[in-house]
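**Student:** quick one: sequence plus predicted model below, questions after.
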Amino acid sequence: MKKINFKSLLFHLLVPIMVSFIISMLIGDYKEYYDSIIKPIDVPSLVFPIVWSVLYLLMGISAYLVENIVSDD
């Protein structure tokens, strides 16, 4: 079983999170817009950042796994 490279994993986790942070700083406050649109179901605005944070973490994990699969060849 291959050992986990924690530096590489941390790098792959931080890149999508930092990019999302930069984008959120550029966009600004979205809550007024989000509350004004018509949604098919009533979803609280708190759900949006939580779901995207989980997705960005999963993107980092998948990038780490892809790098390790490619480097094993």
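**Tutor:** Perfect, thanks for sending it.

**Student:** lowest average confidence, helix or strand, in this protein?
**Tutor:** Across the helices and strands of the chain, mean confidence by mean pLDDT, DSSP states H and E is lowest for helix 31-36: a mean of 78.

**Student:** now for it, which elements pack on it?
**Tutor:** Counting contacts by 3 or more CB pairs under 8 Å, 6 or more residues apart in numbering; DSSP states H and E, helix 31-36 packs against no other helix or strand. To be clear about C-beta, it is placed using only N, CA and C from the backbone, and glycine gets the same treatment.

**Student:** what comes up buried for the following helix or strand past that helix?
**Tutor:** Downstream of helix 31-36, the first helix or strand assigned by DSSP states H and E is helix 47-72. Counting neighbours by 16 or more other CB atoms under 10 Å, one finds that the buried residues in helix 47-72 are 56, 59, 60, 63, 64.

**Student:** hmm, who's touching stretch 61-69?
**Tutor:** 2, 5, 8, 9, 12, 13, 15, 16 (CB atoms under 8 Å, 6 or more residues apart in numbering).

**Student:** where in this protein is pLDDT low?
**Tutor:** 1, 71-73 (pLDDT under 70).

**Student:** let's see that with 50 instead.
**Tutor:** Counting by pLDDT under 50, the chain contains no low-confidence segment.

**Student:** not counting its neighbours along the chain, what's nearest the spatially most central residue of the chain?
**Tutor:** Nearest residue to the geometric centre of the chain (CA atoms, centre = their mean): residue 56, 1.2 Å. Nearest-residue entry for residue 56: residue 16, 4.2 Å, with adjacent residues in sequence omitted and distances by CB to CB, 6 or more residues apart in numbering.

**Student:** I'd say that neighbour and residue 52 touch.
**Tutor:** No. Residue 16 is not in contact with residue 52 according to CB atoms under 8 Å; the separation is 10.0 Å.

**Student:** hmm, back to that, dump the residue contacts of the residue nearest to residue 56.
**Tutor:** Residues counted as contacts of residue 16 (CB under 8 Å, 6+ apart) are 56, 57, 59, 60, 63.
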